[in-house]
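**Student:** Here's my sequence, what's the structure:
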Amino acid sequence: MIDFDNNGSSHAGNVNGARAFPLFKVLIVVLVLAVLVLCAFLFLNHSRVTAHNISARYDLRNFVAVQEQYFAYNKRYLGSAGDFIEADNPLSTLQFPLSGFNPSPGVIIEIVSGDGADFKGVPPFRAGAWHRESKRLFVYDFSSMTICEREREHNETE
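**Tutor:** Take a look at the predicted model:
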């Protein structure tokens, strides 16, 4: 049974004469909700990557502090190019047994150039830190005591 109200709108199957919710209004509501969910997802993803970058930078600063303590006692830094430390990785080649230093999960710290025995030599002694789920690389130069930040290349430090 199809009823028509005074405006000519049909109410198929509506016995009480209540107005049906038009399909295009439902589609608009669904579309608006989809856009809101997408915006929330993008914001949360950006926040997650930012948190990973903060972890990498913080771990690099802690690594530098531990290296400075090591230097104070041994008159050299620990490690040379290619040595790295990663949380819960038994293959890590850098270990600081007395300090208990361990990077955050997902963060890798690697000596990217130089040798700790000759930290002002050529190339200079540098350490880099990054998170596996981020494209940012933080590099600390022990001779100039500076941190620089840049995009990691796709073939770099995988």
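**Student:** Strands of the protein, start to end?
**Tutor:** In the chain, the segments counted as strands under DSSP state E are 2-4, 10-12, 84-86, 107-113, 126-131, 136-141, 146-151.
**Student:** Looking at these, which is nearest to Val30?
**Tutor:** For the strands of the chain, distance to Val30 was read as CB to CB. The smallest value, 21.6 Å, belongs to strand 10-12. Every C-beta, even on glycine, is put in place using the N, C-alpha and C of the backbone.
**Student:** and Ala72, how many neighbours does it have?
**Tutor:** For Ala72, the count of nearby residues is 8 (other CB atoms under 10 Å).
**Student:** neighbours around Tyr70, how many?
**Tutor:** Tyr70: 19 surrounding residues under other CB under 10 Å.
**Student:** Lys135 too?
**Tutor:** As a burial measure, the neighbour count of Lys135 was computed by other CB under 10 Å and equals 15.
**Student:** quick one, what contacts it?
**Tutor:** Contacts for Lys135 (CB atoms under 8 Å, 6 or more residues apart in numbering) come out as Glu151, Arg152.
**Student:** highest average neighbour count across the strands of the chain?
**Tutor:** When you average the neighbours per residue for each of the strands of the chain (mean count of other CB atoms under 10 Å), strand 126-131 leads with a mean of 25.
**Student:** low-scoring stretches of the protein, by residue?
**Tutor:** Filtered on pLDDT under 70, the chain yields the residue ranges 1-20, 97-98, 154-158.
**Student:** quick one, helices of it?
**Tutor:** 23-74 (DSSP state H).
**Student:** can you put the strands of the chain in a markdown table and add distance to Phe41?
**Tutor:** Compiled in a markdown table, those are given as follows (distance: least, CB to CB, whole Å):
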| stretch | distance to Phe41 |
| --- | --- |
| strand 2-4 | 43 |
| strand 10-12 | 38 |
| strand 84-86 | 29 |
| strand 107-113 | 24 |
| strand 126-131 | 20 |
| strand 136-141 | 21 |
| strand 146-151 | 23 |
